[in-house]
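Undergrad: based on what follows, work out the 3D shape:
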Amino acid sequence: VQLQASGGGLVQAGGSLTLSCAASGRPISGYVMAWFRRTPGKDREFVSAVSKGGTNLYYADSVKGRFTISRDNARNTVYLQMNNLKPEDTADYYCASGPFIGTYDIWGQGTQVTVSS
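TA: Numbers count the residues shown, from 1 in each chain. Take a look at the predicted model:
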């Protein structure tokens, strides 16, 4: 089972990016999907999560109103639309999969997002 994030890059403050997380090896339809981020010297930070059916969405306060998580079970992919990006959003973003919100057993490789001021 693998999760591969993509879509990161360099963007100016106020700009937008959409991250994708493609899963292989098991269908995501039976699992909660989430995004996390990490910057050097800091702990891993929860960003957002989506329930198995896509009905329930969860966001960190720091991204609420700016980021939108979504999932396409048919494509086995989860997305993170990031708008109004801020320099403090600069981080390595990666996705995770698990049976419940807050419990993740598969972690993917990250994609770097850099927001310039």
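
Undergrad: every contact and neighbour count from this point should use C-alpha atoms.
TA: OK.

Undergrad: so what's the residue most central in space within the chain up against?
TA: For the chain, the residue nearest the mean C-alpha position is residue 35 (2.9 Å; C-alpha atoms, centre = their mean). Residues near residue 35 by C-alpha atoms under 8 Å, 6 or more residues apart in numbering: 46, 47, 48, 49, 80, 93, 94, 95, 96.

Undergrad: chain center to stretch 48-55, what's the gap?
TA: Centre-to-centre, stretch 48-55 and its host chain are 12 Å apart (C-alpha atoms, centre = their mean, to the nearest Å).

Undergrad: do stretch 15-35 as well
TA: 7 Å.

Undergrad: please begin residue numbering at 25 from this point
TA: Sure, I'll start numbering at 25, so the last one becomes stretch 39-59.

Undergrad: excluding chain neighbours, what is closest to the residue nearest to the centre of the chain?
TA: Distance criterion C-alpha to C-alpha, 6 or more residues apart in numbering; nearest residue to residue 59, sequence neighbours excluded, is residue 119 at 4.4 Å.

Undergrad: that neighbour contacts residue 58, doesn't it?
TA: Yes. Contact criterion C-alpha atoms under 8 Å: residue 119 and residue 58 qualify, at 5.5 Å.

Undergrad: okay, residue 77: pLDDT?
TA: Here the pLDDT value assigned to residue 77 is 89.

Undergrad: I meant residue 25, not that one.
TA: For residue 25, pLDDT reads 87.

Undergrad: so what's it up against?
TA: Neighbour list for residue 25: 47, 48, 49, 50, 130 [criterion: C-alpha under 8 Å, 6+ apart].

Undergrad: related to what we said a few turns ago, so which of the contacts of residue 59 wins on neighbours?
TA: residue 119 (31 neighbours; other C-alpha atoms under 10 Å).

Undergrad: which helix or strand contains that residue?
TA: strand 115-122 (DSSP states H and E).

Undergrad: show me where this protein has its strands.
TA: 26-30, 33-36, 41-48, 56-62, 69-74, 81-83, 91-96, 101-106, 115-122, 130-131, 135-140 (DSSP state E).

Undergrad: contacting residues around the last one?
TA: This means strand 135-140. Residues contacting strand 135-140 (C-alpha under 8 Å, 6+ apart): 29-37, 109-118.
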